[in-house]
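Enquirer: Here is my input; please provide its structure:
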Amino acid sequence: MQFKLGRRVASLAAVTALTVTGLGLASGSASAATGSDSNSAHGVEITGWHTLDENPWVSARLCNYQSSANSFYFWIKDTAGDNVTSPGHITPVLAPGQCDYISGEDYGSTPIQVYARSGSSWTFGTDPISLG
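Expert: Residues are numbered from 1 along each chain as shown. You can find the predicted model right below:
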């Protein structure tokens with residue numbers, strides 16, 4: 001009995017590790033994007049653009065796909081730690097399906113990231129977006 005229980009625990013651990021890795025929940029560094037990147041969580045989608053055509057301007061969009069109207073904190077930061085737009089920017093109240101846009105100047109080729117936050121409930125961002 002002891003041997004079978006040990007094998008079951010080992011099998012369960014292996015399946016759990018594969019499931020977590022398959023869902024993208026495994027730890028590790030974020031991958032980088034070139035030109036643009038999007039991310040969705042909590043019923044919100046954010047997209048950022050960092051293109052040669054628009055350089056030095058960078059821009060981002062946040063769309064609300066939640067079931068109710070809400071406003072969100074929404075900003076762009078570069079990977080050197082400098083805010084490209086104010087982290088205090090709050091979208092207007094967005095009905096489901098509505099979007100808000102922001103843009104800012106980011107000279108040089110430092111990658112940017114777009115972030116969204118809902119009060120103290122959650123924060124998420126895109127992968128670093130390299131100039132492209």
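Enquirer: so for stretch 82-99, what's the average pLDDT?
Expert: Here stretch 82-99 scores 96 as its mean pLDDT.
Enquirer: Please point out which parts of it sit buried.
Expert: For stretch 82-99, the neighbour count (16 or more other Cβ atoms under 10 Å) marks 84-85, 89, 91, 94 as buried. Placement of C-beta: from N, CA and C, glycine included.
Enquirer: Now for residue 35: which residues touch it?
Expert: 49-51, 129-132 (Cβ atoms under 8 Å, 6 or more residues apart in numbering).
Enquirer: Just the buried residues of these.
Expert: 49-50, 129-132.
Enquirer: what about residue 42, distance to residue 104?
Expert: From residue 42 across to residue 104, the span is 24 Å (Cβ to Cβ, to the nearest Å).
Enquirer: do residue 94 as well
Expert: Separation of residue 94 from residue 104 (Cβ to Cβ): 20 Å.
Enquirer: likewise residue 91?
Expert: For residue 91, the distance to residue 104 - Cβ to Cβ - is 15 Å.
Enquirer: What of residue 62?
Expert: 14 Å.
Enquirer: neighbour count winner among these two?
Expert: residue 62 (24 against 19; other Cβ atoms under 10 Å).
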